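S.K.: Sequence first, predicted model second:
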Amino acid sequence: MSSRFVKRMRALYRKDELERELDEELSYHLDRETERNLRAGLSPEAARNEALKSFAGFEQAKEECRDARGVRFFEKLARDLRYGGRMLAKNKSFTFVAVLSLALAIGANTAIFSVINSLMLQPLPFADSDRLVRIYSTTNGADVQGFGYPGGPSLVDVRDFSERNHSFEKMVVYDSWRKNVSFVDSAAEPEQLRVGLVPGAYFKTLGIQPLLGRLFSEDENRFGSHYVAAISERLWRTRFGGDRAILGRNIRINDEPYDVVAVMPNVIPDWMERGFAIDLWTPFAPSADIWSETARGDRGYAALGRLKPGVSIQQAQADLSMVAEGLAATYQVDRGVGVSLKPLADSRVGALLPVLLLLMGAVGLILLIACSNLANLILARNFVRQREFALRFALGEGRAGLIRQLLIENFLLALIGAGVGLALAQVVLCGLTRMHPDKLPQLSGIQMDLRVLLFTVGLSLLTSLLFGAAPAFAGSRVNLAATLKAGGRSGTEPRRQRLRNSLVVAQMALSLMLLVAACLLVQSILRLTRQDLGIRAEHVLKGHLYLPPAHYRDSQAVTRFSDQFADRVRAVPGVIDASVTTVFPPDNGWTQMFTIDGQPAPVRVEDISAAEFGLVDAHFLKTLQIPLLRGRDFSTADLATAQPVVLISDEFARRYLPNEDPLGRRIHIGDPRPTGAVASGAADSADVTIIGVIGGFKNVGLTLPPQAQIIGLYAQHPLVNYGFKDIVIRTASEPHSTEAAIRAQLRSLDSDMPFAEVQTIDELVAQQTGAERFTTLMLGAFAIVGLALALIGTYGVISYLVTQRTREFAVRLALGARPRNILWLILRQGLKLACLGTIIGLGGAWAGRRVMGRLLFGISATDPLTFAGGAALLVAVAFVASGVPAIRAMVIDPLRALHEE
Amino acid sequence: MTSIKKEKAELLQGTLELLVLRLLGPGPLNGWDIMQRLHLVSGEVLSATPGALYPALHRLEARGLISATWGTSDNNRRAKFYQLTRAGRKQLQAERDYWERFSQAVETILREA
């Protein structure tokens, strides 16, 4: 079989040579025949003629020989391709519209598929990545909440998992913190970097080898011996200039010196560590007592494991669940805590999964719209070409040949559409990767690869062949006599017209659904970002500081520095006020248990109330312009007394002290149970007095209402006066213009301390709505595409109608109808389709309200104004699309039109 | 394909190919030779038109049952000579067997009927 193919290929290649040989062979035969005739006595001329006669159908014989060569197929194919290309070039408007429809739909699908490919299909950049899993602790099936990694287990639990399991080859627990980093020998400014606190086993589990140097050893995981660091290749090149003698050089982390012992390749993607790029690692060596029983309840660390080959994740899950049950039975703090395993790859797509599914639905709709456009166009064009088909049929082409021709034209369309679509998708992706906000780090790595290319071409071929095939088959069913007699126009078949109309109605309905969804999302995101945060948010700058314990040994040192810094910042020109704080909207992240004096303390731990907690200085309310509703603000006098005072939010008063005057009431902050497990040090124990009630501000994120909040002075809570501080600064004008001066002040106080996460509150809010903005942008773009396609479709059908009924209009005009009537006649057609499409589209949008509702904030999924607006826009578009051909119809010259028939 | 002279029997395509294979058994021949021999050996009963023969030869070549080389004919002209390949020989044998069985069956029926 294959040798036959090879022969065919060779025949194709040596075509000319083989032609000559065939000629020669047959000529030889002719000559022999002629000779024989000569010998038989005929004249040379007669001899030749007789020979030719015997060789009846010389050319046809040649044809048959060529056929036998088996190459005819390719030659016919080539001829069809050339013909198809010419046809497409001739009908420029058809080709343009068809390619545009295809390209828009293919482009949209390719863009989304690229995203899906990068986020879900491509393998992770680690060896045997399907064996990597993340380990989570759960209560009642949901991830445990708290500090650090969401759902992260405690160190002690992981140690027990690691010792008692049968399914894992390696298991590692680690953490990452922000730390102040100074590069000793280089002129670079100190920075706050997220440092990975990892044992050497972390890299071994992932299968990463250092580019230079060595991994951390077991000894170095002990506190005291842990002053070594590994840097990423990225950091090595940018801060150290790729210095080959990097090993042994020094870095200061939180004011302590570390030796660089390794350079790691840039393999770990950003999304893996909660979206932070980690360029620096030190061994995981928390204080010695962190491995003791008291720390078992201390959750929020990251845990990673590599399964043994051949062990499935379900087996491992069952294994670890049993271990977890054992722990829960033995240790009180683990009661009710379960364990859950998820493949590491799942965290890559993370929160974007529902968004991606929505977008997939949207591009699917667009594809349907484009397909119906295409089908309509091809139907219409086939109709116009009836005469051509009839002629070819009469010339012996045969139905198969006709179908092949039409399919090849569709194939060419598909290729061109795929090409343009790919280009469009590339543009979209470039824009996406450039605009990716920090909340969507996965978007930075999206690119088109072979799989995407195959998808694009395959989709395009499938679409055009599928939707072009039916018209192709229909078009080839030619009624010869009728067509040729009627001059190629056999009138409008009502069935075909209904089909075309229903396609257009479907397009309109689908694009209306997209439009409504996009409008809802846009309004939702506007409401989200324009919310009242509870403060005066304009011209507020914020930044983060860390005061390392090595330098600031006690609470007094922390307080002293914080106050000094705030004073200096207030003196900077352009600064109205400043406050050092641990809390500012929209998030807080620090909760404390509390009990109110005079109210009975609950017995069960689940019943103990907890509120959002923050420590500030006396300038907090003034800087953020938070309204004071009752009582008084903090004053410098409070710092001098030993009596700790707090402000509470109105939500707190409403929930816990309803119908009472909260001023003067005392609260005990901290775990009321006599000997509870001491948590990570976020616990306080203090009795405070309420001196005022303030207006609530967003403290648990943008989408949730403000929760009960307690605000104290950090100077009055030495037990929890940590070095993690933020500063909020109100400026007179553009906040960033004061940034340099503020940095200078900080540098003068402590040259090793970086000023990190500097942004305005507005920028912070924008950053946090990254995922929503992404969705809105994409859906908005698709809605526009859908609308454009519907416009094209409507225009196509109406204008075809006009062409069909030119004769009728000409007659009407000749009989005295006014051009206005013709216009209205046509417009009415278009509007009829539009109304039908609108009704169906609104019905569809209403049906999908539950899905949409989950994505919206502050607006209902069936918002009547949006529905009405979308419908109006669609009708307007249909109006325009019908208007243009209608106006053309108005200027028909009746005499000319009738004459041309 | 109809033969020009009505008295001559019309040869089916497949039969023609089988006969060509048979004629090439002893050794290579060119198209003209094959035609003459066909006429001769069958006692002038069977002949084929060039319009049928040459396509048949090309088909056989495409199927790999015969191969072709250019050589000198007996009148010192350049001509294309065909010969059997090993596959062709096997095919010939197989077709011969089939044809024998077929013709016997037909004969039996004709005699019986």
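M.R.: Done, it's in.
S.K.: State the number of residues packed around A:S232.
M.R.: By other Cβ atoms under 10 Å in any protein chain shown, the residues close to A:S232 number 22. To be clear about C-beta, it is placed using only N, CA and C from the backbone, and glycine gets the same treatment.
S.K.: what's near enough to touch the closest residue in space to it that isn't next to it in sequence?
M.R.: Excluding the flanking residues, the one nearest A:S232 by Cβ to Cβ, 6 or more residues apart in numbering or on different chains is A:D279, at 4.0 Å. By Cβ atoms under 8 Å, 6 or more residues apart in numbering or on different chains, the contact set of A:D279 is A:L193, A:I231, A:S232, A:R234, A:L235.
S.K.: One more pass at 6 Å, please.
M.R.: A:S232, A:R234, A:L235 (Cβ atoms under 6 Å, 6 or more residues apart in numbering or on different chains).
S.K.: for those residues, which one is nearest chain B?
M.R.: A:R234 (62.0 Å; Cβ to the nearest Cβ).
S.K.: next structured bit after the host helix or strand of that closest one?
M.R.: Element membership for A:R234 (DSSP states H and E) is helix A:233-239. Sequence-wise, the next helix or strand downstream of helix A:233-239 (DSSP H and E) is strand A:250-253.
S.K.: Partner strands of that following strand and their direction?
M.R.: strand A:168-183 (antiparallel), strand A:256-264 (antiparallel) (DSSP bridges).
S.K.: got a markdown table for the ones you listed, with mean pLDDT and mean neighbour count too?
M.R.: Shown next, in a markdown table, are those (pLDDT from 0 to 100; neighbours: other Cβ atoms under 10 Å in any protein chain shown):
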| stretch | mean pLDDT | mean neighbour count |
| --- | --- | --- |
| strand A:168-183 | 90 | 20 |
| strand A:256-264 | 92 | 19 |
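S.K.: how about CSV for those, with distance to A:A642 added?
M.R.: What follows is these, written out as CSV (distance: least, Cβ to Cβ, whole Å):
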stretch, distance to A:A642
strand A:168-183, 33
strand A:256-264, 34
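S.K.: For the helix holding A:R234, buried residues please.
M.R.: Neighbour-count burial for helix A:233-239 flags A:E233, A:L235, A:W236, A:R239 (criterion: 16 or more other Cβ atoms under 10 Å in any protein chain shown).
S.K.: so how far is A:V267 from the first one?
M.R.: So that's A:E233. A:E233 is 9 Å from A:V267, where distance means Cβ to Cβ, to the nearest Å.
S.K.: Next: the third one.
M.R.: Taking Cβ to Cβ as the measure, A:W236 and A:V267 are separated by 14 Å.
S.K.: And the second one, by the same measure?
M.R.: Plainly put, A:L235 is 14 Å away from A:V267 if you go by Cβ to Cβ.
S.K.: So which residues of chain B form strands?
M.R.: Taking DSSP state E to define them, one finds strands in chain B at B:29-30, B:66-72, B:78-84.
S.K.: got the ones you listed as a markdown table, with distance to chain A and mean neighbour count columns?
M.R.: Listed next are the strands of chain B as a markdown table, based on distance: least, Cβ to the nearest Cβ, whole Å; neighbours: other Cβ atoms under 10 Å in any protein chain shown:
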| stretch | distance to chain A | mean neighbour count |
| --- | --- | --- |
| strand B:29-30 | 7 | 21 |
| strand B:66-72 | 8 | 14 |
| strand B:78-84 | 5 | 20 |
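S.K.: Now do the contacts for the residue lying closest to A:Y795 once chain neighbours are set aside.
M.R.: Once flanking residues are discounted, A:Y795 sits nearest to A:A881: 4.2 Å by Cβ to Cβ, 6+ apart. A:A881 is in contact with A:L791, A:T794, A:Y795, counting by Cβ under 6 Å, 6+ apart.
S.K.: count of neighbours near residue 19?
M.R.: No chain specified, so I'll use chain A. Each residue near A:E19 was counted by other Cβ under 10 Å, and the total is 13.
S.K.: that's the wrong chain, I meant chain B
M.R.: Counted with other Cβ under 10 Å, residues neighbouring B:L19 total 20.
S.K.: what angle sits between the helix or strand of chain B with the lowest mean pLDDT and strand B:66-72?
M.R.: Ranked by mean pLDDT, DSSP states H and E, the weakest helix or strand in chain B is helix B:13-23, scoring a mean of 82. Here helix B:13-23 runs at an angle of 60 degrees relative to strand B:66-72 (axes from the mean of the first three to the mean of the last three Cα atoms, to 10 degrees).
S.K.: Geometric centre of chain B: which residue is closest?
M.R.: Residue closest to the average C-alpha location in chain B (Cα atoms, centre = their mean): B:V20, at 2.0 Å.
S.K.: pLDDT score assigned to residue 38?
M.R.: All of this is about chain A. Model confidence at A:L38, given as pLDDT, is 87.
S.K.: actually chain B
M.R.: 86.
S.K.: Also A:L512?
M.R.: A:L512 is assigned 92 on the pLDDT scale.
S.K.: That one: neighbouring residues, count only.
M.R.: 31.
S.K.: From what I see, it and A:I839 are in contact.
M.R.: No. With contact defined as Cβ atoms under 6 Å, A:L512 does not reach A:I839; the gap is 9.5 Å.
S.K.: What segments of chain B are helices?
M.R.: B:13-23, B:31-41, B:50-62, B:86-112 (DSSP state H).
S.K.: Show me what the longest one is packed against.
M.R.: When contacts are defined as 3 or more Cβ pairs under 6 Å, 6 or more residues apart in numbering or on different chains; DSSP states H and E, helix B:86-112 sits against helix B:13-23.
S.K.: is the helix it packs on up against chain A anywhere?
M.R.: No. If you take Cβ under 6 Å from any Cβ of the partner chain as the test, helix B:13-23 misses chain A, and the best it gets is 10.7 Å.
S.K.: returning to what we had before: winner for burial among the helices of chain B?
M.R.: helix B:50-62 (a mean of 22; mean count of other Cβ atoms under 10 Å in any protein chain shown).
S.K.: How many residues are close by the residue nearest to A:V877 when sequence neighbours are not counted?
M.R.: Excluding the flanking residues, the one nearest A:V877 by Cβ to Cβ, 6+ apart is A:L791, at 5.2 Å. Residues lying near A:L791 (other Cβ under 10 Å) number 18.
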